[in-house]
Each structure stands twice: as C-alpha cells, then as structure tokens.
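Peer 1: give me a 3D structure for the following:
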Amino acid sequence: MVDTERESRPVNQETSPPLQVPCPRERLFRRERRSVPGARAFARRVLEDWGVHASRIDDVLLCVSELATNALLHGVPPGRGLLLRLLPYADSVRVEVHDSGGGVPAVPRGAPDEPDESGRGLLLVAGLADRWGVGERSPGKVVWCEFALTAVPSRDASARFGPRPDGPPADAML
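Peer 2: Predicted coordinates for the structure are as follows:
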C-alpha cells in the first residue's frame, strides 16, 4: 500500500498562482521574398511577448533577417520552406533557422572592403550575436545565434526560462 502525502494548509487558503512558462515559438515560412519581413514581424511579436529588453530586439531582428535571407537564397530548395524557431533561456534568447539545403555557412575570410557580397550577413550575425553556429539536421542544417538578456528578469521571467541545450534541436522536418 502506498501512503498519500497530505497537505496541511486549509482548503480555501490563497496561494501564489503558478508561474507562466513561455514555450519555444516557431513558424514555417515559404520560399518567397515576403517571408523575410514576415519572419521579422513574427520574431518581434514573440520577443515583445516574452519581455525581452528593447535594446536587444533590434539586434535579434537584424540577425533573423540575415539568417532567413541566407536560408531562402542558399538553403531552401524549390517547393520547401524554412523554419524559424525562437527559444527562451534563463540568460539568453536563441534564434534558429532550419532549412533543408546542403552546405555549411561560414564568415568570409577576405578583407571587408572586397567587392564580393557573399557572407556579409554572417559578418553581421557574428558581430551582433553573443554566440552563433551551425548544426546538422536531416535533411539540411540549423543556423543559430544567441543573445544575452541585458535586463534583470522579473520573478515570472526568471522562473520561466529553462536550461540551455548543448546543441540545437533538429527535430523539425521541412
């Protein structure tokens, strides 16, 4: 027989409401030009809902634009799309762009004044994000970046963000 633990407080006693935990948010975007502004608008809404400090929102949105543009130009085959995923953590926000294309994006090694435009977006991502990288998925890849939260989180915010994973989750199928 299993003993059941009994609660000692009276039934009608007020308790603190449970803390609200924000879930990762994601959205699929088609392989079309209007997906980049759509991805930015989606990210802005999510970041504002989560209470991310305004000073970081512009940096995050610029990186969302760059990563979505790169995915649409280089990583999304015809008839497919990209997945934008935003993940809240205790001390940062992570942006992931999943696509089903091959290749591994890299920051160009040439001088910044060279006329080649390829890779300039990743220079911005590397400069604005606190961390960034590329993970594998089948098929394709996940390009991600993280931004440290600059504001001290409120009680609700500090409890609602979970631990950072070792690597990017790559379970979405595109």
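Peer 1: so where's the protein shaky on pLDDT?
Peer 2: 1-21, 110-119, 150-174 (pLDDT under 70).
Peer 1: try 90
Peer 2: Across the chain, residues meeting the criterion (pLDDT under 90) sit at 1-22, 33, 51-55, 75-79, 89-91, 102-121, 149-174.
Peer 1: what's R80 sitting at in phi/psi?
Peer 2: For R80, the backbone dihedrals (degrees, to the nearest 10) come out as phi -110, psi -180.
Peer 1: swap in S55?
Peer 2: Backbone torsions for S55, taken as degrees, to the nearest 10, come to phi -70, psi -20.
Peer 1: next one: the one 5 residues further on
Peer 2: Recorded main-chain torsions at V60 are phi -60, psi -40, according to degrees, to the nearest 10.
Peer 1: hey, what's the nearest residue to it once chain neighbours are set aside bridged with?
Peer 2: With C-beta to C-beta, 6 or more residues apart in numbering as the criterion, V60 has its nearest non-adjacent residue at 5.5 Å, and that residue is F147. C-beta coordinates here come from the backbone N, C-alpha and C atoms, glycine included. The bridge-partner assignment for F147, based on DSSP bridges, gives V93.
Peer 1: who are the contact partners of F147?
Peer 2: F147 is in contact with 56, 59-60, 63, 92-95, 128-130, counting by C-beta atoms under 8 Å, 6 or more residues apart in numbering.
Peer 1: surely L122 touches P105?
Peer 2: Yes - using C-beta atoms under 8 Å, L122 is in contact with P105, at 5.8 Å.
Peer 1: now list whatever residues contact both of these two.
Peer 2: Shared between the contact lists of L122 and P105 (criterion: C-beta under 8 Å, 6+ apart) are residues N70.
Peer 1: and the contacts of stretch 58-74?
Peer 2: Contact partners of stretch 58-74, identified using C-beta under 8 Å, 6+ apart, comprise 29, 31-33, 35-36, 39-40, 43-44, 47, 52, 82, 84, 93, 95, 97, 99, 101, 103, 105, 121-122, 124-125, 128-129, 143, 145, 147.
Peer 1: the same query, at a cut-off of 7 Å, please.
Peer 2: Counting by C-beta atoms under 7 Å, 6 or more residues apart in numbering, stretch 58-74 makes contact with 29, 31, 35-36, 39-40, 43-44, 47, 82, 84, 93, 95, 97, 99, 101, 103, 105, 121, 124-125, 128-129, 143, 145, 147, all of which sit outside it.
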